[in-house]
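Enquirer: got a predicted model here, sequence first, then my questions.
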Amino acid sequence: MARKPKFQKPAGMHDILPGEQKYFQKIYNVCENISNFYGFKRIDTPILEETELFSKGTGLTTDIVQKQMYNLKTKGGDYLTLRPEFTPGVIRAYIEHGMKNLSQPVKLYSMGPVFRYEKAQAGRYRQFHQFNLEVIGEGSPMIDTQIIQIFYNILTELKLKNPIIEINSIGDSQCRPYYKKLLVNYFKSRESALCVDCRRRLRENPLRILDCKEEKCQRIISQAPQIIDHLCEECHHHFKSVLEFLDEIELPYHLNPYLVRGLDYYTKTAFEIFSELPQKTEEKEFLAKNALVGGGRYDNLVKLLGGDDIKAAGAAMGVERVIEAIKIKGIKFPKSPNPSVFLAQLGNLAKRKTLKLLDEFRKAKIQVAESFGKDSLKAQLKLADKIGARYTLILGQKEALEGTIIIRDMKFGKQDTLKLEKAVKEVKKRLKK
């Protein structure tokens with residue numbers, strides 16, 4: 001029986017092993033290429049920010065702030081938090097660096113790890129990765145639509161066909177207070193049937209109840225008043241325009257009148273994108289319940305965090321969730337080709353000369369494989385054959401002393417000897433053929 005390792009990764013965290021890295025690289029490459037096309041620029045903010053940035057920006061009554069943040073106190077007495085999301089940090093950077101003086105809107109993207117103390121279960125991690133878009137300095141409903149379009153394009157580029165867009169408007173400070181009163185009146189008469197968290201939410205922020213995934217709460221929510229019936233004129237017009245733009249670019253969407261985001265700063269448009277309609281199998285059910293993308297408009301956040309009254313919108317994509325969707329759907333990405341050249345060496349002098357030769361191949365942008373730990377030529381040729389190398393370069397003690405090298409054609413078994421300094425040029429010529 002294998003011994004249990006002394007040290008293991010913390011609960012809810014995960015190692016991204018070499019075999020998994022291809023998924024992250026593919027997703028980030030697609031995200032960056034599409035974002036660059038739409039004029040977004042990359043911004044990296046610190047993993048640690050002041051705790052108040054999130055308690056104020058994300059919202060004191062949100063589950064993120066109340067239950068999920070990793071907080072610490074430094075030796076100097078500062079209260080810092082591992083970022084649970086990107087947006088407050090990006091807005092802080094926008095204000096701090098005077099980006100309001102740039103041509104508006106400012107379009108930014110971010111990617112990297114975020115941290116939340118989630119219950120450890122399938123598909124949920126306490127350190128996970130997001131790709132994030134923000135458009136700051138523009139209030140047009142067209143921006144809301146374009147953000148949805150960009151993420152829709154990213155998912156389809158990753159071969160996740162026909163993503164499902166769910167969308168709603170959650171109003172603003174003009175119409176939301178009245179709607180909250182309606183919700184309180186509705187849920188109060190049914191309070192005893194709500195889960196413990198929703199009873200607390202009823203007192204602190206009744207909108208959060210609509211985000212509850214508990215089955216008994218879902219039944220009650222399904223009969224609750226709908227905010228789209230109580231939008232003010234401006235919010236109604238904004239939402240109507242977003243839907244018209246989605247129709248214009250022929251993106252299919254589903255109106256979900258109970259969709260709210262788990263963050264306090266959202267106004268007007270709120271949306272989520274899923275990969276799958278509800279299915280019976282457990283894996284398909286995972287895709288149906290877990291949004292791959294979530295976002296919307298947050299017109300008050302810049303002002304709330306100490307900046308001017310500047311409108312903004314954005315969204316985030318969960319990278320691990322997208323990877324899970326890719327695996328469930330059995331999507332295969334083309335494998336990176338194996339090196340066409342293997343460099344075999346015999347003896348210490350040959351190994352020393354190989355180090356320089358390897359660097360010459362790197363400068364020539366020719367991928368080469370080697371195995372410095374194997375001394376047997378037979379073992380090295382076997383490895384070259386296993387990876388499918390077309391040519392093996394053999395440098396033994398005799399060749400190292402004479403300044404020559406052997407090129408062996410692995411397909412036909414033919415080999416030639418040439419000057420060591422001509423090896424890179426000769427290989428390049430043969431590979432072109």
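Expert: Nice, I can see it.
Enquirer: which ones are touching residue 253?
Expert: 165, 166, 167, 243, 246, 271 (Cβ atoms under 8 Å, 6 or more residues apart in numbering). For every residue, glycine as well, the C-beta is placed using N, CA and C.
Enquirer: among the residues you listed, who's most crowded?
Expert: Most neighbours among these, by other Cβ atoms under 10 Å: residue 271, with 27 neighbours.
Enquirer: in three-state terms, label that one for me.
Expert: Assigned by DSSP: H, G, I helix; E, B strand; the rest coil, the conformation of residue 271 is strand.
Enquirer: ok, and the closest non-adjacent residue to it?
Expert: Of all residues not flanking residue 271 in the chain, residue 167 sits nearest, at 4.4 Å (Cβ to Cβ, 6 or more residues apart in numbering).
Enquirer: re the thing from before, ok, so of the contacts of residue 253, who is nearest residue 99?
Expert: Of all the contacts of residue 253, residue 99 sits closest to residue 271, with 25.0 Å by Cβ to Cβ.
Enquirer: in this structure that closest one contacts residue 292, no?
Expert: No - using Cβ atoms under 8 Å, residue 271 is not in contact with residue 292, being 11.7 Å away.
Enquirer: circling back to that earlier point, now the residue nearest to residue 271: which helix or strand?
Expert: strand 164-169 (DSSP states H and E).
Enquirer: name the helices or strands packed onto that strand?
Expert: Counting contacts by 3 or more Cβ pairs under 8 Å, 6 or more residues apart in numbering; DSSP states H and E, strand 164-169 is packed against helix 141-157, helix 233-248, strand 253-255, strand 267-274.
Enquirer: could you list the paired strands of it along with their orientation?
Expert: The strands beside strand 164-169 in its sheet (DSSP bridges) come out as strand 253-255 (parallel), strand 267-274 (antiparallel).
Enquirer: export those strands to a markdown table and tack on mean pLDDT and distance to residue 230?
Expert: Output for the strands paired with strand 164-169, formatted as a markdown table (pLDDT from 0 to 100; distance: least, Cβ to Cβ, whole Å):
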| stretch | mean pLDDT | distance to residue 230 |
| --- | --- | --- |
| strand 253-255 | 95 | 15 |
| strand 267-274 | 95 | 14 |
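Enquirer: out of the ones you listed, nearest to residue 180?
Expert: Taking Cβ to Cβ, strand 267-274 is the member of these nearest to residue 180, at 13.8 Å.
Enquirer: quick check: angle from the closest one to helix 141-157?
Expert: Angle, strand 267-274 to helix 141-157, by axes from the mean of the first three to the mean of the last three Cα atoms, to 10 degrees: 10 degrees.
Enquirer: burial measure for residue 368, as a count.
Expert: 21.
Enquirer: got the contact list for the nearest residue to residue 310 once chain neighbours are set aside?
Expert: Once flanking residues are discounted, residue 310 sits nearest to residue 302: 4.2 Å by Cβ to Cβ, 6+ apart. Neighbour list for residue 302: 91, 94, 95, 136, 308, 309, 310, 311, 312 [criterion: Cβ under 8 Å, 6+ apart].
Enquirer: check what pLDDT the residue lying closest to residue 118 once chain neighbours are set aside gets.
Expert: Closest residue to residue 118 apart from its sequence neighbours, by Cβ to Cβ, 6+ apart: residue 124 at 4.5 Å. As summarised for this prediction, residue 124 has a pLDDT of 75.
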